[in-house]
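Visitor: Give me a 3D structure for the following:
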Amino acid sequence: MTEEARSVMLELDEVSLSYNSKKTSFDHGVHRVLDEVSLTLRQGETLGVIGRNGCGKTSILQLMAGIMAPTSGTVTRRKGTSAALLSLGLGFRPDLSGRDNAFLGAMLQGSNRRQAREFLEDIKEFSELGYSFEEPVKTYSSGMRSRLGFATALVTHVDILLIDEVLSVGDAQFRSKAESAMKQRIGGDQTVVFVSHMGTQMKSLCDRAIWIDDGKIKSEGETELVLDTYLKSATKGQKKL
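Guide: Reported below is the predicted structural model:
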């Protein structure tokens, strides 16, 4: 299916995000996290997002998920579209068990109570948490939380997966399993926005990428080309130091 034929799932139109700060290094005390960013995400597309720490990668995912509102501009999701942001430590109630968090997560992603209950054993199996599935999430390592979040979103078939580095943690065996599951879903109609510092992982999963720098999209297009442009820029910056 051509890009033009795929329906639009989400659009950012001149989206800016800023907040006031006491640091005089910012423009009149205003820190601009994102500056008039525009992009279109289509059904079945896997979009990679790369950039240095603090450039706005996580913020753009939070805007897409509806967790934050932009300072200006608009974020539009197709009516009825569900989205899940997988980010370490985000969205879990630490005093509840993995099972209870998975149940709540499934309902937040659009399942009714019966469907959410039916998903639980599949989530437990995919996450490989074993007995820990019944333990409070506050006892989990970052890798275990990553497994729980990824399994919940994958098994419940959310429309847009927003993944913030969670496939970069945990053991190599689970990362391989998660990537394989992602590739199977990507082969269908799963829509994904994927933030990672692992270039090989992004090349393997993403068919398009953007590079964000100083709150703006500096490069957009084929994943390998965008990564090469970003890495060349990073190398030049190191040589100047």
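
Visitor: Mind giving me the packing neighbours of whatever helix or strand D35 lives in?
Guide: For D35, the host element (DSSP states H and E) is strand 30-42. Secondary-structure packing of strand 30-42 (3 or more Cβ pairs under 8 Å, 6 or more residues apart in numbering; DSSP states H and E): strand 8-20, helix 57-65, strand 72-77, strand 191-195, strand 208-213, strand 216-221. Any C-beta I mention is one placed from the backbone N, CA and C, and that applies to glycine too.

Visitor: List of residues touching the fifth one?
Guide: With Cβ atoms under 8 Å, 6 or more residues apart in numbering as the test, strand 208-213 has contacts from 34, 37, 39, 45-52, 55-57, 60, 202, 217-223, 226-227, 229-230, 233.

Visitor: List buried residues within those.
Guide: 34, 37, 39, 45-51, 55-57, 60, 202, 217, 219, 223, 226-227, 229-230 (16 or more other Cβ atoms under 10 Å).

Visitor: Which strands or helices does the longest helix along the chain pack on?
Guide: Ranked by number of residues, the top helix in the chain under DSSP state H is helix 223-240. Packing contacts for helix 223-240, counted by 3+ Cβ pairs under 8 Å, 6+ apart, involve strand 46-50, helix 199-205, strand 208-213, strand 216-221.

Visitor: want to throw those into TSV with mean pLDDT?
Guide: Putting these into TSV (pLDDT from 0 to 100) gives the following:
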stretch	mean pLDDT
strand 46-50	92
helix 199-205	82
strand 208-213	93
strand 216-221	93
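
Visitor: closest one to R117 among the helices and strands packed on strand 30-42?
Guide: Evaluated with Cβ to Cβ, the helices and strands packed on strand 30-42 place helix 57-65 nearest to R117, the distance being 24.5 Å.

Visitor: So which elements touch that closest one?
Guide: strand 8-20, strand 30-42, strand 46-50, strand 72-77, strand 83-87, strand 160-164, strand 191-195.

Visitor: For it, what does the pLDDT average out to?
Guide: Averaging pLDDT along helix 57-65 yields 89.

Visitor: before we move on, what about stretch 152-172?
Guide: 76.

Visitor: so where's this protein shaky on pLDDT?
Guide: Where the chain drops to pLDDT under 70, the residues are 1-5, 21-30, 87-91, 166-170, 187-188, 236-241.

Visitor: again, 50 this time
Guide: Low-confidence segments of the chain, defined by pLDDT under 50, are located at 1-2, 239-241.

Visitor: Report the spatially closest residue to V158, excluding sequence-adjacent ones.
Guide: In this structure, V158 finds its nearest non-sequential neighbour in A84, 4.3 Å apart by Cβ to Cβ, 6 or more residues apart in numbering.

Visitor: And for T81?
Guide: That would be D159: by Cβ to Cβ, 6+ apart, it lies 4.6 Å from T81.

Visitor: My understanding was that that neighbour contacts K79; is that so?
Guide: No. Counting by Cβ atoms under 8 Å, D159 does not reach K79; the two are 11.2 Å apart.

Visitor: Mind checking which of those two has more residues around it?
Guide: Counted by other Cβ atoms under 10 Å, D159 and K79 do not tie: D159 has more neighbours, with 19 against 5.

Visitor: The more buried one and V49: what is the separation?
Guide: The gap separating D159 from V49 is 18 Å, by Cβ to Cβ, to the nearest Å.

Visitor: Let me have the helices and strands packed on helix 223-240 in CSV, adding distance to P70 as columns.
Guide: Supplementary listing: the helices and strands packed on helix 223-240 in CSV, determined by distance: least, Cβ to Cβ, whole Å:
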stretch, distance to P70
strand 46-50, 16
helix 199-205, 25
strand 208-213, 15
strand 216-221, 14
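
Visitor: Nearest to V193 among those would be which one?
Guide: That would be, of the helices and strands packed on helix 223-240 and by Cβ to Cβ, strand 46-50, which comes in at 4.9 Å.
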